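[1] Pasting a predicted model and its sequence here:
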Amino acid sequence: MVDLIIWRNVALLLLAVEAFLIGLPIALAFSLALRGMGQFERRIRLILPTAYERVRRAERITRSVAQAIVAPFIWASSVAAGVFHVIRRLTSKSKMRQVMHPLAGRCRSLK
């Protein structure tokens with residue numbers, strides 16, 4: 001019985017040592033990571049305003065060029081759609097129009 005108690009104590013001691021040896025590198029890695037994040041944050045604060053201005057300038061240039069290139073096509077497309085709509089309305093064979101009846105909630109044809 002005494003032998004079992006001794007081996008139990010040895011096993012607990014070994015388990016504690018293993019937990020410490022496994023946990024130590026993980027704790028050290030977290031500590032170094034936190035210290036590195038502080039240095040990274042200080043460096044990135046110097047770089048971000050310049051990068052932000054360059055991205056904003058690129059966005060302005062891209063938008064102005066895209067509008068200059070695409071705007072005439074959009075205008076032509078909308079004019080063509082309007083012309084086709086007017087022509088279709090003028091040349092439609094059916095002169096009847098659908099009007100919503102206010103009380104019945106159904107459509108009725110008016111001549």
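    Yep, that arrived.
[2] What is the burial count for Trp75?
    Trp75: 10 surrounding residues under other CB atoms under 10 Å. Where C-beta positions appear, they are placed from N, C-alpha and C, glycine not excepted.
[3] does Val70 sit in a helix or strand, and which one?
    Here Val70 sits within helix 2-90, counting by DSSP states H and E.
[4] Would you point out the helix or strand in the chain whose mean pLDDT is lowest?
    strand 97-100 (a mean of 49; mean pLDDT, DSSP states H and E).
[5] Check which helices and strands the helix holding Val70 is in contact with.
    Counting contacts by 3 or more CB pairs under 8 Å, 6 or more residues apart in numbering; DSSP states H and E, helix 2-90 packs against no other helix or strand.
[6] Give me the average confidence score over that helix.
    Across helix 2-90, pLDDT averages out at 91.
[7] Number of residues surrounding Gly23?
    10.
[8] Could you pull up the contacting residues of it?
    Not one residue lies near Gly23 by CB atoms under 8 Å, 6 or more residues apart in numbering.
[9] ok, now how distant is it from Leu14?
    15 Å (CB to CB, to the nearest Å).
[10] do Pro25 as well
    From Pro25 across to Leu14, the span is 18 Å (CB to CB).
[11] Ser92 sits in which helix or strand?
    According to DSSP H and E, Ser92 maps onto no helix or strand at all.
[12] Would you mind writing the CA trace of stretch 35-42 as PDB?
    This file holds the C-alpha atoms of stretch 35-42, laid out as PDB (Å, rounded to 0.1, in the frame of the first residue of the first chain):
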ATOM      1  CA  ARG A  35       5.500  42.600 -27.300                       C
ATOM      2  CA  GLY A  36       5.800  42.200 -31.100                       C
ATOM      3  CA  MET A  37       2.200  43.500 -31.500                       C
ATOM      4  CA  GLY A  38       3.200  46.700 -29.600                       C
ATOM      5  CA  GLN A  39       6.100  47.300 -32.000                       C
ATOM      6  CA  PHE A  40       4.000  46.500 -35.000                       C
ATOM      7  CA  GLU A  41       1.300  48.900 -33.900                       C
ATOM      8  CA  ARG A  42       3.900  51.700 -33.500                       C
END
